[in-house]
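1. What would the 3D arrangement of this be:
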Amino acid sequence: MPAGGADMSTFDAIIALPFGPFGIRARDGHVRELVFLPPGTPLHDPRNATAGAAAHALRAWIEAPDEPFPVPLAPCGTPFRRRVWAAIAAIPRGRTATYGELATSLGSAPRAVGQACGANPFPLIVPCHRVTSAAGLGGFANAREGWLLEVKRWLLAFEGAL
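-> Numbering: from 1, shown residues only. All right, here's what the predicted structure looks like:
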């Protein structure tokens with residue numbers, strides 16, 4: 001989900017990744033949220049050990065994107081969203097699945113899958129960029145145009161899916 005007016009001081013770290021700034025919220029030994037941030041967002045060093053570990057792991061992801069993420073993620077989401085996120089996490093790097101394909105496999109509707117994708121608190125770890133529409137790229141992080149779609153294109157190209 002884009003920052004869109006979010007208070008940047010609520011991030012425990014804002015790091016630079018090749019596609020742009022990326023926010024980390026971490027507390028009590030868990031990553032609470034990862035957020036794509038708009039170009040030009042000021043960076044800041046991790047404020048706690050968990051954010052520091054997450055920042056290190058996210059930077060390492062660029063070199064080894066198949067390595068498991070070593071920092072615990074805070075449990076969250078409805079049972080349905082957790083099922084969608086698990087299905088997304090099972091999509092291999094370099095591959096995509098459509099909202100409709102995931103919906104069929106989950107006995108749901110494409111719009112519900114899209115809403116769960118947009119609510120994903122752990123992008124990159126739960127790679128919602130690998131979910132596309134039947135007609136093309138689809139939306140990304142609740143956006144249908146702009147810099148977030150450029151991030152999705154970058155991620156898919158980086159992973160060899162474009």
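2. In the record's domain split, what are the boundaries for this structure?
-> Residue ranges for each domain of the chain read 8-63, 79-158, as given by automatic domain parsing.
3. ok, the nearest residue to residue 76 once chain neighbours are set aside - contacts?
-> Spatial nearest neighbour of residue 76, excluding adjacent residues (Cβ to Cβ, 6 or more residues apart in numbering): residue 121 at 5.9 Å. The C-beta positions use only the backbone N, C-alpha and C, and glycine is treated the same way. By Cβ atoms under 8 Å, 6 or more residues apart in numbering, the residues touching residue 121 are 32, 33, 34, 76, 77.
4. Please apply the same query to residue 100.
-> So residue 100 contacts 110, 134 (Cβ under 8 Å, 6+ apart).
5. Am I right that it is in a strand?
-> No: assigned with DSSP: H, G, I helix; E, B strand; the rest coil, residue 100 falls outside any strand and is helix.
6. Show the pLDDT at it.
-> At residue 100, the model reports a pLDDT of 96.
7. for the one 3 residues further on, same thing?
-> Reading off the confidence values, residue 103 has pLDDT 97.
8. Can you pull the phi and psi angles for residue 14?
-> For residue 14, the backbone dihedrals (degrees, to the nearest 10) come out as phi -130, psi 120.
9. That one reaches residue 46, doesn't it?
-> No: with contact defined as Cβ atoms under 8 Å, residue 14 does not reach residue 46; the gap is 9.4 Å.
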